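Trainee: when you get a sec, could you give me coordinates for this:
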Amino acid sequence: MPGFTKRLPVVVEYFTSFSLMFNPMKRPLPLRILPDCLKEKLYYHFYHTRHSSWRRLFECAPLTFAPGVAMNGLLSGDVISGNIAFNGFYELALTRQIVKLARQGGLLVDVGANMGYFSMLWAGANPTSRVIAFEAAPRNIALMGNNITQNRLSERITLVPKAAGNRSGSIAFEVGPDDQTGWGGISATSSTTHITVPLVRLDQELPDAEIAVLKIDVEGADTWVLLGSEALLRNRRVGTIFFEQHKARMEQLGITKGEAQSFLRGLGYTCVHLDGDESVCSEWMAYPDT
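Mentor: Coordinates of the predicted model:
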C-alpha cells in the first residue's frame with residue numbers, strides 16, 4: 001500500500017492526460033470512477049490548480065445529484081465553480097442533506113444563493129419543489145439568472161436581488177475579488193470595493209411562507225438572517241435550517257460566537273454541528289424540537 005500511495009500522483013497524472021487528450025469535454029477519468037468523497041479530496045489536491053487545461057468543463061457542468069440540470073457559465077479560478085465543473089457538486093456533506101430533504105418537496109429559501117447551485121439541486125430533485133433565492137452580489141445575480149433560464153426553471157425558482165438580515169433598508173456589501181463568487185458579503189465598513197444593496201427581513205418579506213428548508217450562507221452574517229426570521233421561526237413556519245458560522249467575518253460584524261445557536265434554542269429549535277472547524281468556519285443544522 002505505501003508503494004501504491006507514492007505512485008498515486010503518477011497514476012492520476014497518466015489518466016488525466018489520457019482523458020484530456022481523447023475527450024476534453026468530459027471530466028477527468030479519475031473523477032468519473034472514484035467515490036464522491038474521494039473526488040472532492042482529489043480535486044483539492046490535484047485539479048484545483050489546473051482549471052486552464054479544462055476550460056470546456058466550465059461552459060456547462062451537469063450536476064451529479066440532479067440529473068438533467070447543469071450549471072452554465074462557471075468561472076475558471078473560482079473555488080465553487082471548480083468543484084462543480086470537475087465533480088458536479090460542492091460541499092458534499094451539505095449537498096447530501098439538501099438532496100435528502102428535497103425529495104420530500106416543499107419550499108427552499110436559499111439565502112446567499114451565489115450562482116444557484118443549491119437552488120438548482122432542490123428544484124432538480126423534485127418536480128413539485130419551489131425555491132425563493134436571495135442573492136445580493138450583481139455578478140452572481142446575473143450568473144444565477146442565466147442558470148435558471150437555461151434549465152427552464154423560471155416557474156419554480158424566484159430570484160430576489162436583495163440581501164437578508166435583521167432589519168429592512170439598505171446596507172454596505174463587499175463584492176469580493178473578481179475571481180471568487182463566494183467571498184463577498186455584508187460589511188461593517190465602507191470602501192471603494194463596496195456597493196449599497198437592499199436589505200430585508202425574511203419574516204417581513206415572506207410573512208406567510210411555509211418553508212421546508214432555510215439554507216443560509218452569507219459569509220458571517222448568518223446570525224442576522226436568523227434574527228430577521230424570528231416571526232417565521234416562532235410560528236414554526238420553518239422546518240430544517242442550515243447555516244454557517246464564519247468566525248473571522250462574524251468578528252468583523254460584531255456577531256458573538258454561539259449567538260445564533262442560543263437564539264434558535266430559545267425558540268425551540270435543536271442545533272447540531274455538522275462539520276468544519278468551529279474555530280474557523282463550520283456548518284450547522286437546526287430543526288424544531290419534538
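Trainee: for the rest of this, base every contact and every neighbour count on C-alpha atoms.
Mentor: Fine.
Trainee: poorly predicted segments of the chain, please.
Mentor: Low-confidence segments of the chain, defined by pLDDT under 70: 1-25, 190-191.
Trainee: and the helices in it?
Mentor: Under the criterion DSSP state H, the chain contains helices at 2-22, 29-33, 36-42, 79-87, 92-102, 117-125, 138-150, 202-205, 222-227, 230-234, 247-253, 259-266.
Trainee: how about a markdown table for the ones you listed, with distance to Ala172 added?
Mentor: What follows is these, written out as a markdown table (distance: least, CA to CA, whole Å):
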| stretch | distance to Ala172 |
| --- | --- |
| helix 2-22 | 44 |
| helix 29-33 | 40 |
| helix 36-42 | 34 |
| helix 79-87 | 24 |
| helix 92-102 | 28 |
| helix 117-125 | 25 |
| helix 138-150 | 13 |
| helix 202-205 | 18 |
| helix 222-227 | 14 |
| helix 230-234 | 23 |
| helix 247-253 | 12 |
| helix 259-266 | 22 |
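Trainee: how about stretch 222-242: buried residues?
Mentor: Residues of stretch 222-242 classed as buried: 222-233, 236-242 (neighbour count, 16 or more other CA atoms under 10 Å).
Trainee: returning to that earlier point: for Thr189, which of the helices of the chain is the nearest?
Mentor: Closest approach to Thr189 among those is made by helix 247-253 (8.9 Å; CA to CA).
Trainee: what's in contact with the closest one?
Mentor: Residues from elsewhere that reach helix 247-253 (CA atoms under 8 Å, 6 or more residues apart in numbering): 187-188, 219-221, 256-257, 278-281.
Trainee: out of the helices of the chain, flag the one nearest His273.
Mentor: Going by CA to CA, the one of those nearest His273 is helix 259-266, 10.0 Å.
Trainee: in that closest one, what counts as buried?
Mentor: By 16+ other CA under 10 Å, the buried positions in helix 259-266 come out as 260-261, 264-265.
Trainee: nearest to Asp78, of the residues you listed?
Mentor: Ala260 (28.9 Å).
Trainee: before we move on, the earlier item: got TSV for the buried residues of helix 259-266, with distance to Thr181 too?
Mentor: Below are the buried residues of helix 259-266 laid out as TSV (distance: CA to CA, whole Å):
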residue	distance to Thr181
Ala260	25
Gln261	27
Leu264	29
Arg265	32
